[in-house]
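In: Provide a 3D model corresponding to the input given below.
(one chain, ligands or ions: 3)
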Amino acid sequence: MRIAVFAGDGIGPEVTQQAVRVLEALALPGLELVEGDVGAAAYRKHGHPLPAETLAIARSCDAILFGAVGDFDCDGLERHLRPEQAILGLRKELGLFANLRPATVFKGLEDLTTLRPEVAAKIDLLIVRELNGDVYFGEKGVRILEDGRRQGYDIMSYAEDEVRRIARTAFTAAMGRHKRLCSVDKANVLETSQLWRDVVIEVSAEFPEVHLSHMYVDNAAMQLVKNPGQFDVIVTGNLFGDILSDQASMCVGSIGLLASASLAEGTYGLYEPIHGSAPDIAGKGLANPMATILSAAMLLRHSYQMEAEASRIEAAVSKALAQGVRGGDLGGTAGTREIGDAVVAAL
Ligand SMILES: NC(=O)C1=CN([C@@H]2O[C@H](COP(=O)(O)OP(=O)(O)OC[C@H]3O[C@@H](n4cnc5c(N)ncnc54)[C@H](O)[C@@H]3O)[C@@H](O)[C@H]2O)C=CC1
Ligand SMILES: CC(C)CC(=O)C(=O)O
Ligand SMILES: [Mg+2]
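Out: Ligands and ions are numbered 1, 2, ... in the order given. Just a heads-up that it's a prediction; the model follows:
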């Protein structure tokens, strides 16, 4: 088992350290962890947020455990040197096109979400976000118009094969759950979304057992708060999925709880919390590492088919929460290390 560990910036190293402790506590046979530099930390050391050495480590491993990148001090750098290019670059270079972001309410947290407990309690959804295309990877820049005004632009596009493969991932995920798939787009305004919708409908013919519905993204944002229990699997593009998953995190309690898997074809994957580097709390030992710990569980499940070990980690997180171990993000006082201790003890 050879796993790359890219901790990154801000709270990245703090939360990753706790996830590594949990992996080590499982005494997995042949576990080898290989650290690499990403983000602002890598830029300062190597002059690039995703150095060739880091990419080589990634390619030499079976999976990546990723913390977070981002540092407001780097916001003035040219875009290709900004810390966020590390995660975008890894996703693109490694063909990590399918981002799975599950959101469920842990027992005992129903009162701690921003929704009414009876609304939150029904949440058990999976957001399947396309990760290699959309406006994030289109041509972009700032140009000068004829009248001298500056104009920023980012091209949104999806090719049909890109939609087809993420749709298949989402339908397959729905088959393993409650067989309901909601495709979220903005087809009433965007041509990219109309093609998205047409292709998702084409792919649905391969999955006759799955009930497919469509929803505009603005309505989806509203429905996630009004009645999130209606969703089983949501499939959507890169930008909409990014936004909706942060929103879903608060529907279940905190962004410090949401894990993710970014998968390529096959078993290779990158696993990271959905949150960023949280500069406002970095270095203070306040970050909730549970999202990263749960990402390590997803790593064992998806890249190594270690279902028992993955479930063991998830049960330990659940137990720690049930025992009342709560970070500041959930209104508690437990620090990053203390939460890590509690999860390790609950394994
Ligand atoms: N995959 C990645 O590496 C991502 C990187 N970023 C980057 O992170 C930096 C900060 O971005 P923000 O928009 O502030 O998003 P953020 O997710 O880092 O933080 C948003 C808010 O949530 C809180 N928060 C996040 N994770 C938490 C945790 N584990 N425990 C407790 N509280 C937590 C933060 O303190 C902050 O108040 C930026 O440079 C951004 O580009 C943002 C999202 C993803
Ligand atoms: C920092 C970005 C590149 C992406 C992001 O916010 C995310 O993937 O959740
Ligand atoms: Mg995000």
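
In: Give me the phi and psi angles of residue 125.
Out: phi -130, psi 160 (degrees, to the nearest 10).

In: how about the nearest residue to it, chain neighbours excluded?
Out: Nearest residue to residue 125, sequence neighbours excluded (Cβ to Cβ, 6 or more residues apart in numbering): residue 231, at 4.2 Å. Where C-beta positions appear, they are placed from N, C-alpha and C, glycine not excepted.

In: Give me the pLDDT for the one you found.
Out: On pLDDT, residue 231 comes in at 98.

In: Show me where the stretch 151-300 of the chain dips below the pLDDT cut-off.
Out: Judged against pLDDT under 70, the stretch 151-300 of the chain has no low-scoring part.

In: Up against ligand 1, what does it have?
Out: 255-256, 272, 275-281, 287-288, 291 (Cβ under 6 Å from any ligand atom).

In: One more pass at 8 Å, please.
Out: The stretch 151-300 of the chain has residues 246, 254-256, 272-281, 286-292 near ligand 1, with proximity defined as Cβ under 8 Å from any ligand atom.

In: My read is that the residue nearest to residue 125 contacts residue 183, right?
Out: No - at 11.5 Å, residue 231 does not count as touching residue 183 under the criterion of Cβ atoms under 8 Å.

In: all helices of the stretch 201-347 of the chain, in order?
Out: 217-226, 238-252, 290-304, 307-322, 336-346 (DSSP state H, counting those that start in this stretch).

In: from those helices, which stretch is densest packed?
Out: Stretch with highest mean neighbour count among the helices of the stretch 201-347 of the chain: helix 290-304 (a mean of 26; mean count of other Cβ atoms under 10 Å).

In: list the helices and strands that helix packs on?
Out: helix 12-25, strand 63-68, strand 259-263, strand 269-273, helix 307-322, helix 336-346 (3 or more Cβ pairs under 8 Å, 6 or more residues apart in numbering; DSSP states H and E).

In: For the third one, what is the distance to the chain centroid?
Out: Mean C-alpha position of strand 259-263 versus that of the full chain (Cα atoms, centre = their mean, to the nearest Å) differs by 5 Å.

In: Pull that strand out as PDB, backbone CA atoms only.
Out: Written as PDB, here are the backbone C-alpha positions of strand 259-263 (Å, rounded to 0.1, in the frame of the first residue of the first chain):
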ATOM      1  CA  ALA A 259     -15.200  14.000   2.900                       C
ATOM      2  CA  SER A 260     -14.600  13.400  -0.800                       C
ATOM      3  CA  ALA A 261     -13.100  11.000  -3.300                       C
ATOM      4  CA  SER A 262     -11.900  12.200  -6.600                       C
ATOM      5  CA  LEU A 263     -11.700   9.200  -8.900                       C
END
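
In: now the residue nearest to residue 122 when sequence neighbours are not counted: how far from ligand 1?
Out: Spatially, and ignoring its direct neighbours in sequence, residue 122 is nearest to residue 229 (2.8 Å; Cβ to Cβ, 6+ apart). Shown here: residue 229 relative to ligand 1, a distance of 24 Å by Cβ to the nearest ligand atom, to the nearest Å.

In: Neighbours of residue 229, how many?
Out: By other Cβ atoms under 10 Å, 15 other residues sit near residue 229.
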